[in-house]
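Chemist: Pasted the sequence and its predicted model underneath.
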Amino acid sequence: MKRFNWLLIGLVVLSLVLLPLAGCVPKSEYRDFTSLSELQDWLLENVVSEKPSTKYAEDWYGRALEVQEDALKAGYIVSADYDAMEEGVVVWCTTVINGKVFYWDPETDEVFEEYYLGTVK
């Protein structure tokens, strides 16, 4: 029984060492962008907006989800959202910078500040 316990402990230690090396441990620290220029620089590097324009709302929203996933991989917090109105659907990405909300179309990367909400955090 003692050998089994030592074997079990050894396997746990080995797993704890190998999992981070294999990249299987999820990133635990996500953060907001620290400045508008940091967001804009990141968007310049992100290629989603360089793809051809979409024709359908679900594809447009899919682009916003791509931006969100890319941001998470880079350690940033970005939300994807949409609003369905009589005129059609609008899709955008949002993030918080110094407590203020910023939004942009995932196909253009032109960033705007949401003044109506003021400071949210």
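Modeler: Cool, got the structure.
Chemist: Show me the shaky parts of the chain.
Modeler: Scanning the chain for pLDDT under 70 picks out 1-28.
Chemist: Show me where the protein has its strands.
Modeler: Secondary structure of the chain (DSSP state E): strands at 79-85, 88-97, 100-104, 111-113.
Chemist: Buried by neighbour count: which residues of the first one qualify?
Modeler: Counting neighbours by 16 or more other C-beta atoms under 10 Å, one finds that the buried residues in strand 79-85 are Ala80. Every C-beta, even on glycine, is put in place using the N, C-alpha and C of the backbone.
Chemist: now that strand against strand 100-104, angle please.
Modeler: Strand 79-85 and strand 100-104 are oriented at 70 degrees to each other (axes from the mean of the first three to the mean of the last three C-alpha atoms, to 10 degrees).
Chemist: Quick check: Gln68 vs Tyr115, distance?
Modeler: Note on Gln68: its distance to Tyr115, by C-beta to C-beta, to the nearest Å, is 23 Å.
Chemist: who's more crowded, those two?
Modeler: Neighbour count, other C-beta atoms under 10 Å: between Gln68 and Tyr115, Gln68 has more, with 21 against 8.
Chemist: For that one, give me its contacts.
Modeler: Contacts for Gln68 (C-beta atoms under 8 Å, 6 or more residues apart in numbering) come out as Val78, Ser79, Ala80, Cys93.
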